[in-house]
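>>> predicted model, plus sequence, below.
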Amino acid sequence: MMAVGIPEYRLPRDILNKEIAHLQQAGVEIRLGQELGRDFTLDGLLGERGFGAVILTLGAHRSYRLGIRGRNFLVSTAGPIF
């Protein structure tokens, strides 16, 4: 999401890629395109795989309109568009 959700002029891709590389060099395992429940479960990560800590970062490329008053105002902007 950072690569597509934050404009390059605010977060240059070379800096983002260096930061990701640092995380991986520190032993962080990054998996993309995974679906909770289909590809893995929290019990599986914490139990079977034996991880002591798990961070799930979820992103959505499509926005979801909430059924709340004011959602149709011009100043109301969906997150991925912003």
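Everything's here; your move. Numbering: from 1, shown residues only.
>>> next secondary structure element downstream of the lowest-mean-pLDDT helix or strand in the chain?
One helix or strand of the chain scores below all others by mean pLDDT, DSSP states H and E: helix 2-5, with a mean of 75. Next in sequence after helix 2-5, counting helices and strands by DSSP states H and E, comes helix 13-25.
>>> tell me the mean pLDDT for the next helix or strand after that following helix?
With elements assigned by DSSP H and E, the helix or strand that comes after helix 13-25 is helix 42-43. Across helix 42-43, the average pLDDT comes to 87.
>>> would you mind pulling up the elements that the least confident helix or strand of the chain packs against?
Packed against helix 2-5, as judged by 3 or more C-beta pairs under 8 Å, 6 or more residues apart in numbering; DSSP states H and E, are the following elements: helix 13-25. Placement of C-beta: from N, CA and C, glycine included.
>>> check the gap between I15 and L56 for me.
24 Å (C-beta to C-beta, to the nearest Å).
>>> and for L45, the neighbour number?
The local packing of L45 (other C-beta atoms under 10 Å) involves 15 other residues.
>>> got it, and I6?
Applying other C-beta under 10 Å, we find 13 residues neighbouring I6.
>>> distance of it from E48?
For I6, the distance to E48 - C-beta to C-beta - is 35 Å.
>>> thinking again about what came up before, then the least confident helix or strand of the chain to CSV, C-alphas only?
Extracted in CSV, the C-alpha atoms of helix 2-5 (Å, rounded to 0.1, in the frame of the first residue of the first chain):
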residue,chain,number,x,y,z
MET,A,2,2.8,2.4,0.7
ALA,A,3,4.1,2.0,-2.9
VAL,A,4,0.8,2.7,-4.5
GLY,A,5,-1.0,4.8,-1.8
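>>> buried ones in that helix, by neighbour count?
Residues of helix 2-5 classed as buried by neighbour count (16 or more other C-beta atoms under 10 Å): none.
>>> gap between it and the chain center?
Computed by C-alpha atoms, centre = their mean, to the nearest Å, the chain-centroid distance of helix 2-5 equals 9 Å.
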